[in-house]
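**Student:** sharing a model prediction with you, sequence too.
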2 protein chains.
Amino acid sequence: MQPRPHSTLEDVAKAAGVSAATASRALNGTTQVRPHLRDRVLQAAGELAYTPNAHARALAGAAHRTVGVICHDVSDPYFAAVAGGIMRVASDHDLLVTLASTFRDPEREVAYVSMLRAERAAAILLIGSGFENPDWERALSAELEPYLQGGGRVAVVSRHRSLRVDTVLPENRAGAAAMARALLDLGHRRFAVLAGPRTLTTVADRIAGFRDELRKAGVPLRTADIVENTFTRDGGYAAMTEVLSRGLGATCVFAVTDVMAIGALAALRDHGLSVPEDVSVAGFDDIPIVRDLAPPLTTVALPLPQLGERAIELALTDNPGRRRRIHRMAGEVVLRASTAKVL
Amino acid sequence: MQPRPHSTLEDVAKAAGVSAATASRALNGTTQVRPHLRDRVLQAAGELAYTPNAHARALAGAAHRTVGVICHDVSDPYFAAVAGGIMRVASDHDLLVTLASTFRDPEREVAYVSMLRAERAAAILLIGSGFENPDWERALSAELEPYLQGGGRVAVVSRHRSLRVDTVLPENRAGAAAMARALLDLGHRRFAVLAGPRTLTTVADRIAGFRDELRKAGVPLRTADIVENTFTRDGGYAAMTEVLSRGLGATCVFAVTDVMAIGALAALRDHGLSVPEDVSVAGFDDIPIVRDLAPPLTTVALPLPQLGERAIELALTDNPGRRRRIHRMAGEVVLRASTAKVL
DNA sequence: GCGCTTTCTGTAAGCGCTTTCCGGGTGCTA
DNA sequence: TAGCACCCGGAAAGCGCTTACAGAAAGCGC
């Protein structure tokens, strides 16, 4: 016999011979319940394998125990690392994490925000560069604004324009500039840049930081030196291949992300070029794997798990004035064997 | 003025001058509503930035649109790849994915199942090897059984014992055996195995498959040849270091996962040994990065995203008799440059 | 134009839980 | 023993939605 699929609080209360109210109190410890009854309730709950219905609970006004995370693609090591940090903190707070991958589709991102809003998630975290696209910005704001009005918390990692929400901001510009300086110090004067789509703010910032610093040193970076492709390993491979097909003039290749750098490394290997003897390669992010490459990759190290941790902490922390809090995270140039001095 | 944080169906109905029922129908398209009214409702919803409360909806009996995924650690490339497959399918079905990382803590796994049960998730997916631990098995069953009774769907990837649920099973044993054969064919006769905790069924199976195949060929694998450590890059590094400290007798090292193999490669490099000249290294899983290592890693290739896709499809597919369906996925040995012939 | 079917629309119940508001024990004080 | 405060447990309301159920309106044939 099983009239209902799940046993309910009602069932537990009945089994324990108390009212639903008492059962609720006993289970949640809201108020003192005489040990005698409390034990009966707990035992009944155990026997019935009772699990409170989170929906009913949420509806009745209890706190929402889930946070939503939207990223481009979990299987990208960058997001995986950031998500890892988020999960750790969430786990400490007994929160469930709803993770969505947009696969870089702006519409899907907006749709996910809407779903998370429907779930009444305690917080929504947007991880990864936004798009420079007015339609998308408007649509996203239209979803986020009412959510914020309704007490929802939002934090973002790596995006800034237009969204007035708490932000964890890797210093892309400064990091790229620092990398430029480091590479200049190694004696490089001719560069190729492998970039993701410029519509991503992260890409734009890193290119700008890199270019500006070169300019300061009187080293030009022409448009033709920047090759754009998708923000993936294969994109890096393709971009590198394109650079090679045009005739490699550079002594150093800067990929705006490590993932693209990995593709570039593979392309170079496939073309019989060795790194760093024939050409130096540098990346950005310091995803865990790159120190284990041969050669290990020079990169701008970002504390990825911490990016996630800060973001969720920011979202979970009260923000009385609802002012926009920006938490900048510096990147640090780590010189490894993929870059060499120019003789 | 905002009496309630979110606008409700009630509000929309009022604004459109219809009843809540009609508003609900117009929004969901359940029943025909005169276009006239329908438009008014839709417009009102738009203006109020209305989002239905998913909890109320779930409580009222609508289908649950979320699936829960429990893995050991999203930032591990193996799980990231599997999760990627799951997300793709989920996205096609308009499902939200709640992803939890247990960080290999059995208790946390049980706790997460309980939370997912509370959420009335449409399905629960357990990704990654289980633990060989009777207490844990009992606790997990105690959570899962009532969930299944209540119509919940469960599918697992990579575990078998004790759980009577739909299963996607990489052929760990056969894959490891095939690897053993391939390595024997290359002329190797002395092996070291870098293993994760034996309490993980995956580890046990891979070791067993490998050992049995060697035995068939008359090649012994002594207990001392198997070094156990954590299931991570650092675990691989440590295990390899231990092997080296004992004096490397083997011509080939088999790591039970690619992640550990990456650590092993790093340890060898740090000790000035080159692969495959001084020693061959093989892994298992074929996580995306390993083909880009130098040297590229020989491994048993598992179709990781498909593992996830099959699992969620299995869970989402009706299973009338509630018989246990097992979907085996073969691994394929991919010989790359990290293994060489023994002269 | 009447009565029947066919289409909507509104009313109301109920999903499972928390929580406020009371009433009835209990224990302590006088 | 009476009186008071204090706890604790129960009844009931209500969270926002879906969905029978029933009633109203409209369409049809005769």
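**Tutor:** Received it, and whenever you're ready, just let me know what you need.

**Student:** check contacts around A:Cys252.
**Tutor:** By CB atoms under 8 Å, 6 or more residues apart in numbering or on different chains, A:Cys252 lies in contact with A:183, A:186, A:188, A:190-192, A:279-282, A:339. To be clear about C-beta, it is placed using only N, CA and C from the backbone, and glycine gets the same treatment.

**Student:** so A:Ser141 touches A:Leu163, yeah?
**Tutor:** Yes. Counting by CB atoms under 8 Å, A:Ser141 touches A:Leu163, with 7.2 Å between them.

**Student:** if we can go back for a sec, closest to A:Leu148 among the contacts of A:Cys252?
**Tutor:** Sorting the contacts of A:Cys252 by how near they are to A:Leu148, with CB to CB, puts A:Ala282 at the top with 38.7 Å.

**Student:** gap between the residue lying closest to that closest one once chain neighbours are set aside and chain B?
**Tutor:** Take A:Ala282 and drop its neighbours on the chain: the residue closest to it by CB to CB, 6 or more residues apart in numbering or on different chains is A:Thr298, 4.5 Å away. Relative to chain B, A:Thr298 is positioned 15 Å away (criterion: CB to the nearest CB, to the nearest Å).

**Student:** who's in contact with A:Thr298?
**Tutor:** Contacts of A:Thr298 (CB under 8 Å, 6+ apart): A:182, A:280-283, A:333-339.

**Student:** try it again with 7 Å
**Tutor:** By CB atoms under 7 Å, 6 or more residues apart in numbering or on different chains, A:Thr298 lies in contact with A:282, A:334-336, A:338-339.

**Student:** which ones among the residues you listed lie within strands?
**Tutor:** Using DSSP state E, the subset of the contacts of A:Thr298 located in strands is A:282, A:334.

**Student:** any chance of a markdown table for the contacts of A:Thr298, columns distance to DNA strand D and neighbour count?
**Tutor:** Formatted as a markdown table, those follow (distance: CB to the nearest atom of the strand, whole Å; neighbours: other CB atoms under 10 Å in any protein chain shown):
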| residue | distance to DNA strand D | neighbour count |
| --- | --- | --- |
| A:Ala282 | 51 | 32 |
| A:Val334 | 50 | 18 |
| A:Leu335 | 55 | 16 |
| A:Arg336 | 54 | 17 |
| A:Ser338 | 54 | 25 |
| A:Thr339 | 56 | 27 |
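
**Student:** ok, the contacts of A:Thr298 vs DNA strand C, which is closest?
**Tutor:** Nearest to DNA strand C among those, counting by CB to the nearest atom of the strand, is A:Val334 at 49.0 Å.

**Student:** so what's the closest one closest to, chain neighbours aside?
**Tutor:** Nearest non-adjacent residue to A:Val334, counting by CB to CB, 6+ apart: A:Ala301, 4.8 Å away.

**Student:** circling back: settle it for me: which of A:Ser141 and A:Leu163 has more neighbours?
**Tutor:** Taking neighbours as other CB atoms under 10 Å in any protein chain shown, A:Ser141 and A:Leu163 compare with A:Leu163 leading, 18 against 15.

**Student:** surely that one and A:Val156 touch.
**Tutor:** Yes. Using CB atoms under 7 Å as the test, A:Leu163 is close enough to A:Val156 to be in contact (6.2 Å).

**Student:** can you report how many residues neighbour A:Ala63?
**Tutor:** The number of residues near A:Ala63, taken as other CB under 10 Å, comes to 8.

**Student:** list the contacts for A:Leu96?
**Tutor:** Applying CB under 7 Å, 6+ apart, the residues near A:Leu96 are A:65-66, B:98, B:100, B:115.

**Student:** if it is in a bridge, with which residues?
**Tutor:** Beta-bridge partners recorded for A:Leu96 (DSSP bridges): A:Thr66.

**Student:** contacting residues around A:Gly187?
**Tutor:** Residues in contact with A:Gly187 (CB under 7 Å, 6+ apart) are A:341-342.

**Student:** near DNA strand C, which residues of chain A?
**Tutor:** Contact residues, chain A versus DNA strand C (CB under 7 Å from any atom of the strand): A:4, A:6, A:8-10, A:20-21, A:24-25, A:27-28, A:30, A:50, A:52-53, A:56-57, A:59-62.

**Student:** just the residues you listed that are near DNA strand D?
**Tutor:** With the criterion set as CB under 7 Å from any atom of the strand, the members of the residues of chain A next to DNA strand C near DNA strand D are A:20-21, A:25, A:56, A:59-61.

**Student:** where along the stretch 51-200 of chain A do the strands fall?
**Tutor:** Using DSSP state E, counting those that start in this stretch, the strands of the stretch 51-200 of chain A run over residues A:66-71, A:96-101, A:123-127, A:153-157, A:166-170, A:191-195.

**Student:** now these in JSON lines, with distance to B:Ala81?
**Tutor:** Formatted as JSON lines, the strands of the stretch 51-200 of chain A follow (distance: least, CB to CB, whole Å):
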{"stretch": "strand A:66-71", "distance to B:Ala81": "15"}
{"stretch": "strand A:96-101", "distance to B:Ala81": "12"}
{"stretch": "strand A:123-127", "distance to B:Ala81": "18"}
{"stretch": "strand A:153-157", "distance to B:Ala81": "22"}
{"stretch": "strand A:166-170", "distance to B:Ala81": "25"}
{"stretch": "strand A:191-195", "distance to B:Ala81": "24"}
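
**Student:** mean pLDDT and distance to B:Gly209 added to the ones you listed, as CSV?
**Tutor:** Formatted as CSV, the strands of the stretch 51-200 of chain A follow (pLDDT from 0 to 100; distance: least, CB to CB, whole Å):
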stretch, mean pLDDT, distance to B:Gly209
strand A:66-71, 95, 36
strand A:96-101, 93, 33
strand A:123-127, 95, 39
strand A:153-157, 94, 42
strand A:166-170, 94, 44
strand A:191-195, 97, 41
